[in-house]
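In: The following block contains a protein sequence and its predicted model.
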Amino acid sequence: MDVVPIFATAIATSTPMVFAAIGETFSERAGVINLSAEGTIMLSAMTGFALAESTGSLLCGFAGAAITGMLVALIVAFGSITLQKSQIAIGFVLALLCADLSSVLGNPFVRIPGPTVPEMSIPVLRDIPILGPLLFRSDALVYASYLLILGATAYFYGTRAGLLLRATGEKPTSAYVRGAHVIRLRYAYTLFGGALMGIAGAAFSLDFKAGWSHRHTAGYGWIALAIVIFGGLHPTKVALGAYVFGVLQSVATLAQSSIPDVPTQVFGVAPFALMIGVLVISSRRRGGTQMV
């Protein structure tokens with residue numbers, strides 16, 4: 001069996017999760033846990049598809065989705081930073097509210113065709129054995145996710161601004177002494193993380209799961225949050241977790257066609273259950289290593 005197409009598909013389908021998980025990583029590094037991810041992704045997916053279908057512009061769709069994500073993140077930031085209310089409670093309520101809003105507002109756009117991100121293979125690089133088909137025969141969104149992973153890692157661990165970002169979440173007093181405006185930074189990074197979550201939503205409805213339907217991206221936000229936690233808030237590890245989830249989805253799809261007697265619902269749920277198992281096992285191994 002040629003595994004290259006399987007992994008290539010896994011990388012492509014993991015792209016929305018990469019954006020969502022790294023967006024949450026920025027927010028949590030700044031000290032704000034945005035538990036609205038599930039609802040944010042769903043509402044942004046609906047908004048992105050609705051705008052792209054109405055205007056015929058993918059750019060408008062992604063921009064609208066990013067703004068949607070930022071607005072939801074602004075509510076989280078205002079409630080938790082300015083009003084000093086529980087981040088967990090605010091995020092959880094918003095997750096439920098945004099999910100329901102996406103269903104109500106998105107009803108006119110259910111199961112209708114719309115624009116999708118076109119394929120864009122990179123000349124020369126696409127012809128490299130193995131790596132070409134694996135990494136460079138996809139679309140602009142996938143390539144942007146590569147840059148996001150590299151850029152976020154370099155920013156966190158190779159710049160003074162990244163150092164201040166980590167200090168803002170871990171040791172806000174130290175960050176303040178170093179000249180950082182902690183509240184302003186927390187707002188900025190929470191909004192930026194929300195924008196990435198919004199882009200993740202549009203990536204689902206305009207690329208990976210093209211179109212819109214009720215609870216179109218159900219479950220992906222919670223998985224993104226879990227990946228961030230078990231990835232230790234490290235962009236590269238978080239992205240790796242997203243790719244593992246993509247591989248599990250690809251394997252489930254392949255198994256569905258190979259084992260037709262098993263109900264299709266099993267294969268739809270299997271990647272989520274398996275991913276949770278992988279995260280638990282990896283967490284236990286890290287815990288065991290630390291104890292030794």
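Out: Nice, I can see it.

In: What segments of the stretch 151-292 of the chain are helices?
Out: 160-170, 172-177, 182-203, 220-230, 235-258, 264-291 (DSSP state H, counting those that start in this stretch).

In: how near is Ala21 to Pro172?
Out: Using C-beta to C-beta, to the nearest Å, we find Ala21 at a distance of 24 Å from Pro172. The C-beta positions use only the backbone N, C-alpha and C, and glycine is treated the same way.

In: out of those two, which sits in the busier spot?
Out: Legend: neighbour count by other C-beta atoms under 10 Å for Ala21 and Pro172, higher for Ala21 (29 against 17).

In: Make sure I have this right: the more buried one is in a helix.
Out: Yes. With DSSP: H, G, I helix; E, B strand; the rest coil as the criterion, Ala21 is located in a helix.

In: residue contacts, it?
Out: Neighbouring residues of Ala21 by C-beta atoms under 8 Å, 6 or more residues apart in numbering: 224, 227-228, 231, 238-239, 241-242.

In: Straight-line length of stretch 129-141, end to end?
Out: 22 Å (C-alpha to C-alpha, to the nearest Å).

In: tell me how far that stretch is from the chain's mean position?
Out: Remark: stretch 129-141 is offset 20 Å from the chain centroid, using C-alpha atoms, centre = their mean, to the nearest Å.

In: contacts for that stretch?
Out: For stretch 129-141, with C-beta under 8 Å, 6+ apart as the criterion, the contacting residues are 4-5, 7-8, 11-12, 15, 117-122, 125-126, 128, 146, 203, 207.

In: repeat that with 7 Å
Out: 4, 7-8, 11-12, 15, 117-122, 125-126, 203, 207 (C-beta atoms under 7 Å, 6 or more residues apart in numbering).

In: Buried ones among those residues?
Out: Listed as buried from these are 7-8, 11-12, 15, 117, 203, 207; burial here means 16 or more other C-beta atoms under 10 Å.

In: Just say which of the helices of the stretch 151-292 of the chain is most tucked in.
Out: helix 182-203 (a mean of 25; mean count of other C-beta atoms under 10 Å).

In: State the distance from Phe272 to Gln249.
Out: 9 Å.

In: Quick one: distance of the strand or helix carrying Val18 to the chain centre.
Out: Taking DSSP states H and E as the definition, Val18 sits inside helix 4-29. A distance of 6 Å separates the centroid of the chain from that of helix 4-29, by C-alpha atoms, centre = their mean.

In: And for stretch 27-41?
Out: Taking mean C-alpha positions (C-alpha atoms, centre = their mean), stretch 27-41 and its chain are 10 Å apart.

In: Now do it, average pLDDT.
Out: In this model, stretch 27-41 has a mean pLDDT of 95.

In: gap between the two ends of it?
Out: OK, stretch 27-41 end separation, C-alpha to C-alpha: 15 Å.

In: go on, stretch 221-239?
Out: Per C-alpha to C-alpha, the first residue of stretch 221-239 is 14 Å away from its last.

In: Residues contacting it, please?
Out: With C-beta under 7 Å, 6+ apart, stretch 221-239 has contacts from 17-18, 20-22, 24-25, 28-29, 35, 37-41, 95, 149, 152-153, 156, 241-242, 245, 272, 275-276, 279, 282-283.

In: Any stretches of the chain with poor pLDDT?
Out: Low-confidence regions of the chain, defined by pLDDT under 70, span residues 1-2, 256-271, 274, 278-292.

In: dump the residue contacts of Ile75.
Out: Leu94.

In: how about it, secondary structure?
Out: helix.

In: Any chance of JSON lines for the helices of the stretch 151-292 of the chain, columns distance to Gly61?
Out: Shown next, in JSON lines, are these (distance: least, C-beta to C-beta, whole Å):
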{"stretch": "helix 160-170", "distance to Gly61": "29"}
{"stretch": "helix 172-177", "distance to Gly61": "36"}
{"stretch": "helix 182-203", "distance to Gly61": "6"}
{"stretch": "helix 220-230", "distance to Gly61": "18"}
{"stretch": "helix 235-258", "distance to Gly61": "22"}
{"stretch": "helix 264-291", "distance to Gly61": "26"}
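
In: of all the ones you listed, which lies closest to Ser54?
Out: Ranking the helices of the stretch 151-292 of the chain by their distance to Ser54 (criterion: C-beta to C-beta) puts helix 182-203 first, at 13.7 Å.

In: The closest one packs against which elements?
Out: helix 4-29, helix 37-55, helix 58-77, helix 160-170, helix 172-177 (3 or more C-beta pairs under 7 Å, 6 or more residues apart in numbering; DSSP states H and E).
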